[in-house]
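Asks: Kindly generate the corresponding structure for this input.
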Amino acid sequence: MSSDDNLGSRRLIVVSNRLPVSITFSETGEPEFQMSSGGLVAALAGLRGQVDMIWLGSPGMPKEGVKDIEKLTNKLKTDCKCAPVWLDQQIAHEHYNLFSNEVLWPLFHYKENIEFKEQRIFESYTIANRVFCETVFDVWQPGDLVWVHDYHLMLLPKMLKAEAAKRGQEMLVAFFLHVPFPSSEVYRVLPEREKILDGVLHSDLIGFHTYDYARHFVHSCTRVLGLETTANQVIFNGNIVTVGVYPVGMDFRKFAENINSPQVKAKIEELKQRFKGQKVIIGVDRLDYIKGIPQKLQALERVFKTNPSLIGQVSLIQIAVPSREVVDEYQKLRREVETLVGHINTHYGDIGITPVHYLYKSVPFQDLLAMYSVADICLITSLRDGMNLVAQEFVACQEINKGVLILSEFAGSARCLAHAVRINPWNISQVAEAIESAIDMPFQERADKHKQLFNYVSTHAADHWGSLFVRDFVRVAEISTDRNEPEPSTSLLTHYNEAKKKLLIFAVDGVLSSFKIVPSTSEITPDIMESLAALDQDPDTDLVIISGRKKDDLQRFFGSLKGAILAAEHGYFIKYPGRDWDELHLGHGDKSWYDEILQVLVYYRDRTPGSSLEGRAEGKESTLMWNFRGADSEFGVMQAQELHLHLANHNNHNFIMDLSNVRKSIECRPKGLTVDRVLSDIVRELGERKQRTDFGFICYFGNEPPENEFQPIGNTEVYTCAVTSGNKPTTKFCVASQGEVPLLLRMLAGLPPLPDVVDGDESSEKVVGVAPVIPV
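Replies: Numbers count the residues shown, from 1 in each chain. Next up is the predicted model:
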């Protein structure tokens, strides 16, 4: 990292499921530490000498099995700059084995027939994430950057942000997923789909290995949560969450330093003599169903069947690293693989001929380098794979031999290694043909392919990946720090309390009630009504409630507020206290647009399943609204954009059109009917009736900024407070979501807050002490 990229005074806190060290105990009981050899450890090894880093993770043992936890914790911190996360044995088992590896892992790798677990298992996953959160705050200092890794900790970003907010601090969090993220059609079957996405989206930067994975994630945010997205951003809770692509590389330096060692050279010579006169295929995989080892063996058998002359001329060295050996499914896979190996060796082997050399074990690093070096072909048949660094490791060891890389298109590495021979592992004939083609490939063609592959592998090593991600994390952090954002909603209390006379204007949908697919099912809670009633009784406060809803709706639900001014259909009809509804006089009175536009909206309603239309037939007299909230999220937006363009070019100009991605609607109303105009009329009326011309505080609460800036009323600026889960608007104040409005109203009304959420579970929507809601 250059001086421009480093963290400055910030520390980097890395959080992963496991610590980067293995722990053993001497005969005297003293703990001994050895650095692990995992891909993430290698990827971040270069950073450890450049930035101040501390690593959090599970030590790989339950706390019940440790005699002196405090001593071991302190020694890890001082000797390794690691902070262990101690989990109960049962929680650790259910978190890691039952939810992470039996639900998320198979789902993210497109496995069918997943057995979803009972709710208690997800609760254990949640508890484990919460323990990680508590451990982070044992070491975190304001300004530190927190980098969370992988599918074991997808709830952690939200927990970290919430805890920091409770402490009055802001925490910067990044998340990286090291496995594929599936398409939205696969992901949406997960019962906890919203909670998992919600947890990750509290990150400031989210990273994936390939564009496919990033695209699937963004698409799921749209399809599952209905959020606004672009190719590399998600608008969530008023923030821009950046989504990036960062393909990880191998530990190139380690391979380059060891490939010419005497031990490796001796092993290379031994293997050359053993496989003299043969073409050697190398396969290195964990014994996992995502690796496609059965497909690889079936393709090899197809080669021998179609081209018997290759029997005895081609050998496969298949290293199958043991994985999850106690799991029934993995035991079944092992039996299947070993049956296929036995079948091939029996039918195509002979004295001195062993077509498949099967090694069910991990092999020493020097032996692995030698096998990579002597191989003529590396065959990778992954059915799904986050990245697969075996492909890059093979390339790094082939400077002399110029071997051919046959790579599954379903491995993440296939997106980076464009000069590999790509195959579909499910197409056994294609894989067999690729093997035969690689066997016969001329040396110059092999050399040309290898040159391109080697250039990429050598310049995109693991340390490059870590530095690149941290550099972008720092950039996002600086943007977040420098962003000129609206003041939090609570800060308007100061302005409100300092003013003697106040005017508060509230929209209904998305502010006083949450958005619903069918607007008529929206709800006004007794909590909100209690706050509005208290404000209504304040002699120094005037209330205005303005909505696109019809007169009957506003009268029925806000008619009890004796001093409030109600404005229906965006203010076309206004009801002052003690009076009937008045119609706003716009001057031109031309309503010819209505029937023309109605026909257009009916056309789009009928061609957009799930959309709805509100007009005179539904009780509205002056306005029209086409609502696409119930339509398919992508198709609805596409239709809305098309309709917006159609209406913008309509030859009748006596109407105003608003496309709202927040409300997911297009509304059409008479020309001149604006909030600013309506508010001016209301203030003039208040001046005549109450001699209220000296407001000290005026604020409009809407779910997005008004179409135009409000003009000052007298000497008083009209503030706006946006209630939106979309991008933070350029308003004076902002409320992140409609769920925060009840508390804000209670503070404005001087009422005590309601009791907290049940169990302190931030994801729960059940609130203690709130009576059943009133349907609108």
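Asks: ok, which stretches of the stretch 51-200 of the chain are strands?
Replies: For the stretch 51-200 of the chain, the strands defined by DSSP state E, counting those that start in this stretch cover 53-58, 82-84, 145-149, 172-176.
Asks: right, I mislabeled it, should have said the stretch 551-700 of the chain
Replies: Ranges of strands in the stretch 551-700 of the chain, per DSSP E, counting those that start in this stretch, are 565-568, 573-575, 581-583, 612-614, 624-627, 655-660, 665-670, 697-702.
Asks: mind checking which of the strands of the stretch 51-200 of the chain is nearest residue 25?
Replies: Residue 25 lies closest to strand 82-84 among the strands of the stretch 51-200 of the chain, at 14.5 Å (C-beta to C-beta). Every C-beta, even on glycine, is put in place using the N, C-alpha and C of the backbone.
Asks: so what strands line up beside the closest one?
Replies: strand 53-58 (parallel) (DSSP bridges).
Asks: who's in contact with the closest residue to residue 697 other than its chain neighbours?
Replies: Nearest residue to residue 697 in three dimensions, chain neighbours excluded: residue 499, at 3.5 Å (C-beta to C-beta, 6 or more residues apart in numbering). Contacts for residue 499 (C-beta atoms under 8 Å, 6 or more residues apart in numbering) come out as 695-697.
Asks: Same check on residue 564?
Replies: Here residue 564 is in contact with 532, 536, 543-545, 558, 577 (C-beta under 8 Å, 6+ apart).
Asks: Could you tell me how many residues sit around residue 79?
Replies: Residues near residue 79, counting by other C-beta atoms under 10 Å, number 12.
Asks: ah, wrong one, I meant residue 572
Replies: 22.
Asks: Same question for residue 613.
Replies: Close neighbours of residue 613, defined as other C-beta under 10 Å, add up to 16.
Asks: Low-confidence regions, the stretch 601-750 of the chain specifically.
Replies: Within the stretch 601-750 of the chain, the segments meeting pLDDT under 70 span 690-693, 704-715, 724-732, 736.
Asks: Setting the sequence-adjacent residues aside, check what's closest to residue 622.
Replies: Nearest residue to residue 622, sequence neighbours excluded (C-beta to C-beta, 6+ apart): residue 572, at 4.3 Å.
Asks: how about the one you found, phi and psi?
Replies: phi -60, psi -30 (degrees, to the nearest 10).
Asks: Quick check: it touching residue 583?
Replies: Yes - counting by C-beta atoms under 8 Å, residue 572 touches residue 583, with 6.8 Å between them.
Asks: Please, where are all the strands along the stretch 351-500 of the chain?
Replies: According to DSSP E, counting those that start in this stretch, the strands that the stretch 351-500 of the chain contains are 356-359, 377-380, 404-408, 421-423, 487-488.
Asks: same question for the shortest one, mean pLDDT?
Replies: Right, the one you point to is strand 487-488. Here strand 487-488 scores 60 as its mean pLDDT.
Asks: Repeat that for the second one.
Replies: Regarding strand 377-380, the rounded mean pLDDT is 98.
Asks: How about stretch 451-459?
Replies: Rounded mean pLDDT across stretch 451-459 is 95.
Asks: Dump the strands of the stretch 351-500 of the chain into TSV; add distance to residue 649 and mean neighbour count as well.
Replies: Listed next are those as TSV, based on distance: least, C-beta to C-beta, whole Å; neighbours: other C-beta atoms under 10 Å:
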stretch	distance to residue 649	mean neighbour count
strand 356-359	68	19
strand 377-380	54	26
strand 404-408	49	27
strand 421-423	46	20
strand 487-488	39	14
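Asks: Backbone dihedrals for residue 734, please?
Replies: The phi/psi pair for residue 734 (degrees, to the nearest 10) reads phi -150, psi 140.
Asks: Would you mind naming the residues that bridge with it?
Replies: Beta-bridge partners, per DSSP bridges, of residue 734: residue 488, residue 722.
Asks: ok, back up a step: out of the strands of the stretch 351-500 of the chain, which gets nearest to residue 671?
Replies: strand 487-488 (34.1 Å).
Asks: still on that earlier bit, now tabulate the strands of the stretch 51-200 of the chain in JSON lines and tack on mean pLDDT.
Replies: What follows is those, written out as JSON lines (pLDDT from 0 to 100):
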{"stretch": "strand 53-58", "mean pLDDT": "94"}
{"stretch": "strand 82-84", "mean pLDDT": "95"}
{"stretch": "strand 145-149", "mean pLDDT": "97"}
{"stretch": "strand 172-176", "mean pLDDT": "96"}
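Asks: closest one to residue 522 among those?
Replies: Among the strands of the stretch 51-200 of the chain, strand 172-176 comes nearest to residue 522, with 33.4 Å by C-beta to C-beta.
Asks: before we move on, back to that, selecting buried members of the contacts of residue 499 in PyMOL, what would you type?
Replies: A single PyMOL command selects the buried members of these (16 or more other C-beta atoms under 10 Å):
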select buried, resi 695+697
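Asks: From residue 59, how far off is residue 146?
Replies: As for residue 146, its distance to residue 59 is 19 Å (criterion: C-beta to C-beta, to the nearest Å).
Asks: correct me, but residue 279 touches residue 314?
Replies: Yes - look at residue 279 against residue 314 with C-beta under 8 Å: they come within range, at 4.9 Å.
Asks: what about those two, which has more around it?
Replies: residue 314 (23 against 19).
Asks: which stretches of the stretch 151-300 of the chain aren't confidently modelled?
Replies: For the stretch 151-300 of the chain (pLDDT under 70), the answer is 238.
Asks: can I assume residue 12 is in contact with residue 471?
Replies: No - Residue 12 sits out of contact with residue 471 when judged by C-beta under 8 Å, with a separation of 11.7 Å.
Asks: Please identify which of these two sits among more neighbours.
Replies: Just comparing residue 12 and residue 471: by other C-beta under 10 Å the higher neighbour count belongs to residue 12, 23 against 16.
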